[in-house]
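**Q** dropping a prediction and its sequence here:
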Amino acid sequence: MGKKRAQSPPRPAVAEGDGASTSQTVEPPKEPRPPQKVFYCEVCSFPLEYCEFGSSLTKCKEWLKEEHPDLYDKYYSEEALTTKIGTLSLEAQAKLDKEAAKKEAKADAKADAALKKKLASQVTIKRIERTKRKHVTAIHGLEAFSIDLKKAAKQLAGRFATGASVTKNAQGLDEIVVQGDVSDEIFDMLEKGDGVLKGVPIANVEIVEDKKKKAE
């Protein structure tokens with residue numbers, strides 16, 4: 001007996017007028033959305049929507065009300081607050097207000113403590129004698145006034161065309177050591193607030209001299 005051939009599936013009928021391929025409708029590209037402008041608070045540096053999560057909400061609201069009253073109304077008007085806390089109970093809202101006030105008081109106390117510490121800090125410019133003709137100048141205490149020691153060392157090295165680096169002193173504290181006797185010049189730079197050396201009250205700066213002890 002002969003073998004039967006497998007039958008091919010029937011081909012779909014092509015309607016008259018249909019082409020071998022159908023054209024698809026291409027939608028025109030959508031116009032790109034313009035970037036959304038974000039306003040940042042100048043007090044806490046957060047976007048305005050997140051000021052409430054910071055520790056200076058009262059100051060943030062005062063700044064916004066003075067600088068951008070329209071945005072203040074958007075976020076803090078009676079209508080905006082009613083909409084926002086509509087789902088909160090009075091007890092929950094009172095709890096949130098209490099926590100915010102506590103956070104602000106803690107931040108203010110921390111800022112006051114930092115300010116008192118800064119005002120009590122002392123910057124020492126020490127003229128150190130290495131030999132009879134060689135001196136170095138060490139500056140200690142600048143970090144208390146938020147001065148970047150590495151940037152300050154770089155500025156001093158360029159100003160005096162000499163070596164300057166950040167090292168540890170005998171007490172294990174950071175200080176800048178500049179090659180040469182430039183104590184008076186550095187004092188003048190601090191007084192003028194030159195470059196990164198700004199924000200130091202000159203009354204808090206002291207020049208001292210460390211002479212090499214003579215051998216008995």
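**A** Looks like it arrived, so ask away.
**Q** what residue spans form the domains of this structure?
**A** Domain ranges of the chain: 48-119, 122-210, per automatic domain parsing.
**Q** quickly compare those and say which is most buried.
**A** domain 122-210 (a mean of 16; mean count of other Cβ atoms under 10 Å). For every residue, glycine as well, the C-beta is placed using N, CA and C.
**Q** from start to finish, how long is that one in a straight line?
**A** With Cα to Cα, to the nearest Å as the measure, domain 122-210 spans 17 Å from end to end.
**Q** over to stretch 157-165?
**A** 8 Å.
**Q** my guess is Lys211 meets Glu129, correct?
**A** Yes - between Lys211 and Glu129 there is a contact under Cβ atoms under 8 Å: 4.8 Å.
**Q** would you turn the domains of the chain into a markdown table with distance to Tyr40?
**A** Output for the domains of the chain, formatted as a markdown table (distance: least, Cβ to Cβ, whole Å):
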| stretch | distance to Tyr40 |
| --- | --- |
| domain 48-119 | 8 |
| domain 122-210 | 21 |
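**Q** helices of this structure, residue ranges please.
**A** 57-67, 69-76, 78-84, 90-120, 149-160, 183-192 (DSSP state H).
**Q** and stretch 64-79, how far apart are its ends?
**A** OK, stretch 64-79 end separation, Cα to Cα: 17 Å.
**Q** now it, how far from the centre of its chain.
**A** Mean C-alpha position of stretch 64-79 versus that of the full chain (Cα atoms, centre = their mean, to the nearest Å) differs by 26 Å.
**Q** ditto for stretch 171-182
**A** Distance, centroid of stretch 171-182 to centroid of chain: 28 Å (Cα atoms, centre = their mean).
**Q** who's in contact with that stretch?
**A** 127, 135-140, 142-143, 149, 152-153, 156-157, 160, 162-169, 186 (Cβ atoms under 8 Å, 6 or more residues apart in numbering).
**Q** show me where pLDDT drops low in this protein?
**A** 1-24, 81-94, 96, 108, 111, 113-115, 117-120, 212-216 (pLDDT under 70).
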